[in-house]
Structures are given as C-alpha cells and as structure tokens.
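**Student:** What follows is a predicted structure for the sequence shown.
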Amino acid sequence: MTRKILALGLLSALVLTGCEKKEAGDASPEHTAYTQTLNARLASLDAQMDSLKAQGEMAGDTLKDRIHEDLEKLKEQRERAKEKLGELGSASADKWDDAKSGAVSALDSLDASFDRARARMH
C-alpha cells in the first residue's frame, strides 16, 4: 500500500515537472513538491531499514550477520541517495532534469537493494 501511495505521489509530481521552468535558484512549486515526495520516499525507506534492523536484533546469529551486512550496504546507498536529493534541492532550472534522474535512480537502487535484503531473510 505504501508503494502505491508513493507511486501515485511520484506520478503526479512527474506530471507537474513538465510545467514551466523558472530562473536558476528560484524553485518552482512543482519542483518543491517533487523534492518533498522523494524525501518522503527516503523517509519511508529509513523506517523500513529500522524495521529490518529490529528484526536482525531478534534473529539467530547467522541471519543477524547477514542482516548486518545488508544494512551496512543499505546505509551506504542511503547516503548516496541523500546526496542526490541534496543536489536536486539545489539544482538550477537548467540542471533540474539531470538532478531529478540522479535522485530517482539512487532511490530506485536503494529500494531494490532493500527488497533483496528483505528476501534474504526468508
């Protein structure tokens, strides 16, 4: 359900990003909304990582080690995604599309890695 809500938010934000661009340094409402949507997606992934960490603390030694390894990789990817979101937030109008692509790609990669980590638990 969370993914559906995020997907709808992203879809609406994608539609809005096709609107008129403003001068560099003057973020449009559409860009601001899109950035907020991506930040919400990152926050959701943070909560899921916290849940995975809690499950790891209750797991047996073998699974606990596997979860710890996965969490370390996820933390690194999360930092890259956060950097890309920072770049997006400060991107000028002419660099917006490139920054948006980088941020979305980083979040998609983090999301896919999280799914793989969760699948390894079973």
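**Tutor:** That came in fine, so what should we check first? Numbers count the residues shown, from 1 in each chain.
**Student:** who touches residue 53 in this structure?
**Tutor:** For residue 53, the set of contacting residues under the criterion of Cβ atoms under 8 Å, 6 or more residues apart in numbering consists of 67, 71. All C-beta spots, glycine's among them, are computed from the backbone N, C-alpha and C.
**Student:** pLDDT of the helix or strand hosting it, averaged?
**Tutor:** Assigned by DSSP states H and E, residue 53 belongs to helix 29-58. Helix 29-58 comes out with an average pLDDT of 91.
**Student:** Could you shift the numbering so residue one becomes 675, and keep it that way?
**Tutor:** Sure, I'll start counting at 675 from here, so that last one is helix 703-732.
**Student:** Packing partners of the helix or strand following it?
**Tutor:** Note on helix 703-732: by DSSP H and E, the next helix or strand toward the C-terminus is helix 735-764. Counting contacts by 3 or more Cβ pairs under 8 Å, 6 or more residues apart in numbering; DSSP states H and E, the secondary-structure elements packed against helix 735-764 are helix 703-732, helix 770-794.
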